[in-house]
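Asker: Next comes the sequence, and after it the predicted model I'd like to discuss.
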Amino acid sequence: MFIARVIAEPAALSANCEPAIHALEALGFKVASAEGLGGVDDLLEIRAEGGEAEALRGVIDRFFTPSDLLVVAHEAPGVPKVFVSDMDSTMIGQECIDELADFAGIKAEIAAITERAMQGELDFTEALTGRVRLLGGLGEDAILECLEQRIVAMPGAKVLVETLKAHGSHTVLVTGGFHQFADPVAEQLGFQRVVGNRLAVEHGKLTGGLVGGIVDSGVKETVLREEVALRGGTSLATGDGANDIPMLVAASYGIAYHAKPKARAASNGAIDQGDLTSVLRLLGVPREEWIWD
């Protein structure tokens, strides 16, 4: 049994629910139910069996785009024991390395590499070390300036983290970005653990290198799996780029947030129109239980 939850405009849900059911039936699904959830008119839950998850996703995309969605098997989604999230363009609205590069006057050059890496067109490690190398010589004080002037939390980020934490989730921020940004972001949003890369600094300037091992897609997946092995239960991962795909695939609920096509296609959930509080709605957490700042 597949359980699909869809957030979309009420008019679209009302007009397209029946055609979507017919489309599913034509693909061999047996639709057990399709009804509103939580007493609101913009959240639909479909229960169906007999087909493939990819085909179900395709029908949702065909009839309800733009939407936010989550498709799971067997059991209805709920609060996870472990929540692991990417940072850049997921928990915050920026790519930190791009914004930092602006202080060195090379944002366009760095951002072009970042975009290709996020699309999965470049090897992550090579793209990261190459961009960091270009930042060599930049004053360390630019990091604090960048944090204060450029870095802004995504709408709903703190509500998501604090609400999940209050409901018993262990929260981890894992990023291919840098501790110099991730640590204060994690403190602001309420994450309990941070995993990231660290920019090397000597004599008040970036050296163009990194300290320690590199956090890449494999490390992100490993962090999630280790946390689940330690704590048990279900897991949630959120991310937006190719570097997040293994983590998104490994999670019970892998939700691609306004993501690149490859990351969205690999996930069993996606936020395409709403903010991060849509994750709470898809998990079935009532609004009155959300923790507001």
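Answerer: Perfect, thanks for sending it.
Asker: At which residues are the helices of the stretch 1-150 of the chain located?
Answerer: 10-26, 53-64, 96-103, 107-118, 124-134, 141-149 (DSSP state H, counting those that start in this stretch).
Asker: Make CSV from these and add mean pLDDT and mean neighbour count to it.
Answerer: For the C-beta atoms, the positions are set from N, CA and C on the backbone; glycine is no exception. Converted to CSV, the helices of the stretch 1-150 of the chain look like this (pLDDT from 0 to 100; neighbours: other Cβ atoms under 10 Å):
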stretch, mean pLDDT, mean neighbour count
helix 10-26, 97, 16
helix 53-64, 97, 18
helix 96-103, 95, 23
helix 107-118, 93, 18
helix 124-134, 94, 17
helix 141-149, 97, 15
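Asker: For the host helix or strand of Leu173, which helices and strands make contact with it?
Answerer: Using DSSP states H and E, Leu173 maps to strand 170-178. Packing partners of strand 170-178 (3 or more Cβ pairs under 8 Å, 6 or more residues apart in numbering; DSSP states H and E): strand 82-85, helix 96-103, helix 157-166, helix 179-189, strand 193-197, helix 217-231.
Asker: how about the helices of the stretch 1-150 of the chain in CSV, adding distance to Ala242?
Answerer: Conversion of the helices of the stretch 1-150 of the chain to CSV gives the following (distance: least, Cβ to Cβ, whole Å):
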stretch, distance to Ala242
helix 10-26, 30
helix 53-64, 19
helix 96-103, 16
helix 107-118, 6
helix 124-134, 8
helix 141-149, 24
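Asker: closest to Val201 out of these?
Answerer: Counting by Cβ to Cβ, Val201 lies closest to helix 141-149 out of the helices of the stretch 1-150 of the chain; the figure is 8.8 Å.
Asker: Pull the distance from the closest one to the chain's centre.
Answerer: Between the centre of helix 141-149 and the centre of its chain there are 24 Å (Cα atoms, centre = their mean, to the nearest Å).
Asker: quick one, that helix and helix 179-189 angle?
Answerer: Taking axes from the mean of the first three to the mean of the last three Cα atoms, to 10 degrees, helix 141-149 and helix 179-189 form an angle of 30 degrees between their directions.
Asker: contacts for helix 141-149?
Answerer: 96, 99-100, 102-104, 180-181, 184, 199, 204 (Cβ atoms under 8 Å, 6 or more residues apart in numbering).
Asker: coming back round to it: can you give me the angle the strand holding Leu173 makes with helix 157-166?
Answerer: With the same axes, to 10 degrees defining the directions, strand 170-178 sits at 140 degrees from helix 157-166.
Asker: related to what we said a few turns ago, turn the contacts of helix 141-149 into JSON lines, including distance to Pro77.
Answerer: What follows is these, written out as JSON lines (distance: Cβ to Cβ, whole Å):
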{"residue": "Cys96", "distance to Pro77": "31"}
{"residue": "Glu99", "distance to Pro77": "34"}
{"residue": "Leu100", "distance to Pro77": "37"}
{"residue": "Asp102", "distance to Pro77": "39"}
{"residue": "Phe103", "distance to Pro77": "41"}
{"residue": "Ala104", "distance to Pro77": "43"}
{"residue": "Gln180", "distance to Pro77": "35"}
{"residue": "Phe181", "distance to Pro77": "31"}
{"residue": "Pro184", "distance to Pro77": "31"}
{"residue": "Leu199", "distance to Pro77": "37"}
{"residue": "Gly204", "distance to Pro77": "48"}
